[in-house]
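Asker: what's the 3D shape of this:
(one chain, ligands or ions: 4)
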Amino acid sequence: TTSGNASATDLGFRAVPVSSENRVVVPEGYSSRAFLPWGTPITGSYPEFKADASNSGADQEQQVGMHHDGLHFFPIDQKAGGNSSSEGLLVMNHEYINQKALHPDGPTRAADNGGVRPADEVRKEIAAHGVSVVHIKRDSEGTWDIVFGSPFNRRITGNTGMDIRGPLRGYGKLVTKYSADGTETRGTVNNCAMGPTPWGTYLAAEENWHGYFRNADTDRPREQTRHGVDDTSRYDWELADNGADEYVRFNITPKGDTATADYRNEANTYGYMVEIDPFTPESKPQKRTALGRFGHEGVIFAPVREGESVVCYSGDDSRFEYIYKFVSSTPYYAATAGGYLLDEGTLYVARFNEDGSGDWLPLSLDDAGFANKVRSAVGTTVGSVDFDGFENQADVLLNTRLAADIAGATPMDRPEWGAVDPDSGQVYFTLTNNSRRTEEQVNAANPNANNTTGHIIRWSEEGDNHAASRFDWDIFVFAGEQGTETVVDDQVIVSLTDDNIFNSPDGLWFDYNGRLWIQTDGSDAAPYQNNMMLAANPETREIRRFFVGPVGCEVTGVVTTPDVKTMFVNIQHPRSDWPAGTEGDHPRDSTVIITRDDGGVVGA
Ligand code: FEO
Ligand code: CA
Ligand code: CA
Ligand code: CA
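Answerer: Numbering: from 1, shown residues only. Ligands and ions are numbered 1, 2, ... in the order given. This is a model prediction of the structure:
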């Protein structure tokens with residue numbers, strides 16, 4: 001509640017201390033409980049979760065995946081203009097897996113098994129990736145549960161069929177044995193954060209997809225090397241002992257004479273934002289290539305206005321990578337809005353100038369400035385690439401990072417989530433850390449060498465127009481130990497205390513009242529201890545620790561119901577026995593439901 005001079009975004013709870021306990025900590029007057037842990041049956045025949053992890057691959061395809069990350073609550077009546085806070089579709093990403101926990105006795109490794117992996121282990125691992133759509137409802141006692149048998153309950157996995165949309169649809173470098181015309185692919189993996197669209201769909205990001213592919217050739221193309229594809233794959237899925245095409249495709253070493261003979265181009269069908277329509281269960285996910293191909297952390301949309309472009313922002317979470325903005329060329333109208341708006345437009349990359357201004361640099365061959373830079377770069381070495389030009393605009397987007405290098409973007413300290421302040425329109429991004437930045441490599445927007453604790457940057461678009469080509473930026477807060485200062489105009493605006501020390505900001509979200517929620521994925525050593533979530537008042541920069549997760553986890557993914565009275569927070573890769581509290585080797589990633597005991601607004 002607000003009174004007197006209080007701001008609507010004031011923080012109304014008492015900060016919780018750091019914690020190294022193997023449990024969730026919330027402020028006095030709040031309660032929490034684990035919900036939708038890995039393995040919860042949500043669809044099909046609802047196969048019961050087996051605590052010894054002996055569920056099959058087929059079971060896992062009907063159960064909640066592992067390593068919960070970004071999530072969003074869609075009110076069940078949203079399409080009809082409603083705002084339900086008691087029933088909706090909770091959609092969440094499953095970024096990757098804990099192989100040891102996924103199987104009864106850990107994975108069977110190819111090295112110990114004649115060079116192959118049991119196909120059902122591979123099937124289960126692929127099924128534990130992807131996205132879950134869960135229809136949930138709150139009963140009269142206030143308890144949330146799954147709506148069993150709901151047609152909306154759905155699993156999308158690392159093997160679900162998907163369409164390629166936008167400029168890369170049909171491009172020759174996306175042709176595979178599966179899709180001779182380069183218009184389709186299978187699966188989405190390493191889905192980190194996400195973004196709900198203004199038209200009621202969900203975009204899941206493909207972040208560290210490169211690790212899933214193996215290319216045994218020493219001469220790998222730039223669209224692989226710039227991302228770190230090498231001759232090993234993270235989970236050896238390509239070595240499944242049944243030799244099935246859907247597993248073999250993760251080996252992208254060229255074998256036949258043509259691209260339709262093998263999967264040399266399979267990795268070119270990954271690295272995108274994937275649109276999922278949770279309200280249309282039979283809909284096929286769509287990879288929206290106009291938003292670029294890189295290590296997408298997530299996406300955040302600016303508020304839409306009738307008749308104007310759709311604008312969204314996306315970070316590339318890798319050291320010295322960039323922040324991007326997409327501006328649609330087709331105007332938005334609520335009555336006809338849809339994913340097609342994301343298929344035509346201009347992708348820009350951010351340059352943060354030393355004087356606090358910034359420029360959006362178009363990555364389009366139709367832009368004379370960019371086309372000139374490309375021409376000048378031909379014959380030079382860009383990063384580690386001997387650059388010989390781009391075939392066309394599809395090739396530019398396939399190699400988005402390389403295009404951004406050529407444009408002259410500012411290399412950042414690992415851009416993770418973004419968020420747009422509903423009151424001011426300012427855009428915030430977490431820069432989680434970058435221990436490899438040297439003194440010679442610092443710039444005004446990334447001013448710390450060996451940046452182990454990270455910071456949060458923000459900007460205002462020129463004229464409050466999100467489609468603008470210029471912006472003004474400042475640093476909202478530097479994370480770190482007690483006494484870490486954020487100085488503006490020679491004044492210390494923030495000095496961190498016991499109530500708010502944190503490191504490695506990652507998840508970031510403005511709730512519907514304009515409070516900013518900051519989640520961490522950093523060192524869990526003293527003084528920070530377990531990863532946490534803090535709330536911030538964007539006007540005053542007051543920051544307060546609200547939540548601490550269990551041992552070993554990262555706290556990632558936050559959303560509330562529209563009334564901001566139920567909060568959903570994801571706990572990823574907990575260790576030991578959380579949340580069951582019984583001894584065992586099978587910790588379970590979970591969503592945590594947080595409510596106020598007096599039924600009030602969370603954070604107020
Ligand atoms: Fe998956 Fe960048 O965190
Ligand atoms: Ca690899
Ligand atoms: Ca993250
Ligand atoms: Ca992270």
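Asker: Now do the strands in the stretch 201-350 of the chain.
Answerer: 202-206, 273-276, 286-288, 300-301, 309-315, 319-321, 323-331, 345-352 (DSSP state E, counting those that start in this stretch).
Asker: and the residue in the stretch 451-600 of the chain that ligand 3 sits nearest to, how many neighbours?
Answerer: Using CB to the ion, the closest approach of the stretch 451-600 of the chain to ligand 3 is made by Asp506 at 4.3 Å. Yep, even glycine has a C-beta here, placed from its N, CA and C like the rest. By the measure other CB atoms under 10 Å, the count of residues near Asp506 is 26.
Asker: distance of it from Ala180?
Answerer: Going from Asp506 to Ala180 by CB to CB, to the nearest Å gives 40 Å.
Asker: Please apply the same query to Ile571.
Answerer: Look at Ile571 and Ala180: by CB to CB, they are 43 Å apart.
Asker: repeat for Arg305
Answerer: Counting by CB to CB - Arg305 and Ala180 are separated by 41 Å.
Asker: Who has more neighbours out of the two?
Answerer: Between Arg305 and Ala180, counted using other CB under 10 Å, the more crowded position is Arg305 (15 against 12).
Asker: Show the pLDDT at that one.
Answerer: According to the prediction, Arg305 has pLDDT 97.
Asker: Next up, the contacts around the residue in the stretch 401-550 of the chain that ligand 1 sits nearest to.
Answerer: Scanning the stretch 401-550 of the chain for the residue nearest ligand 1 gives Glu416, at 4.9 Å (criterion: CB to the nearest ligand atom). For Glu416, the contacting residues are 193, 297-298, 315, 317, 429-432, 505-508, 521, by CB atoms under 8 Å, 6 or more residues apart in numbering.
Asker: To ligand 4, which of the strands of the stretch 201-350 of the chain lies closest?
Answerer: Closest among the strands of the stretch 201-350 of the chain, once you apply CB to the ion, is strand 309-315, at 10.9 Å.
Asker: could you give me the average pLDDT of the closest one?
Answerer: Across strand 309-315, the average pLDDT comes to 98.
Asker: what lines up beside that strand in the sheet?
Answerer: Strands that pair with strand 309-315, judged by DSSP bridges, come out as strand 300-301 (antiparallel), strand 323-331 (antiparallel).
Asker: Name the residues of this protein found near ligand 4, please.
Answerer: Residues of the chain found near ligand 4 (CB under 5 Å from the ion) are Asp506, Asp521.
Asker: got a pLDDT number for Gly4?
Answerer: Per-residue pLDDT puts Gly4 at 49.
Asker: And for His586?
Answerer: At His586, pLDDT is 91.
Asker: what's the spacing between it and Gly12?
Answerer: Taken as CB to CB, the span from His586 to Gly12 is 38 Å.
Asker: who has more neighbours, these two?
Answerer: With other CB under 10 Å as the criterion, His586 and Gly12 differ in neighbour count, and His586 comes out ahead with 21 against 18.
Asker: mind listing what Ser85 touches?
Answerer: Ser85 neighbours (CB under 8 Å, 6+ apart): Pro75, Arg138, Thr561, Pro562, Asp563, Lys565, Thr566.
Asker: Could you find the closest non-adjacent residue to the last one?
Answerer: Yep, that's Thr566 we're talking about. Spatially, and ignoring its direct neighbours in sequence, Thr566 is nearest to Thr595 (5.7 Å; CB to CB, 6 or more residues apart in numbering).
Asker: what residues does the host helix or strand of the one you found touch?
Answerer: For Thr595, the host element (DSSP states H and E) is strand 590-596. For strand 590-596, the surrounding residues in contact (CB under 8 Å, 6+ apart) are 24, 26, 29-38, 68, 71, 90, 92, 142, 144, 547, 557, 565-571, 574, 578-579, 602.
Asker: Go ahead and measure how far the helix or strand the residue of the stretch 401-550 of the chain closest to ligand 1 falls within is from the middle of the chain.
Answerer: Applying DSSP H and E as the criterion places Glu416 in strand 415-420. Here strand 415-420 is found 9 Å from its chain centre; the criterion is CA atoms, centre = their mean, to the nearest Å.
Asker: Which strands or helices does the helix or strand that it is followed by pack on?
Answerer: Sequence order places strand 427-431 as the next helix or strand after strand 415-420, per DSSP H and E. Judged by 3 or more CB pairs under 8 Å, 6 or more residues apart in numbering; DSSP states H and E, the packing partners of strand 427-431 are strand 309-315, strand 415-420, strand 455-461, strand 505-510.
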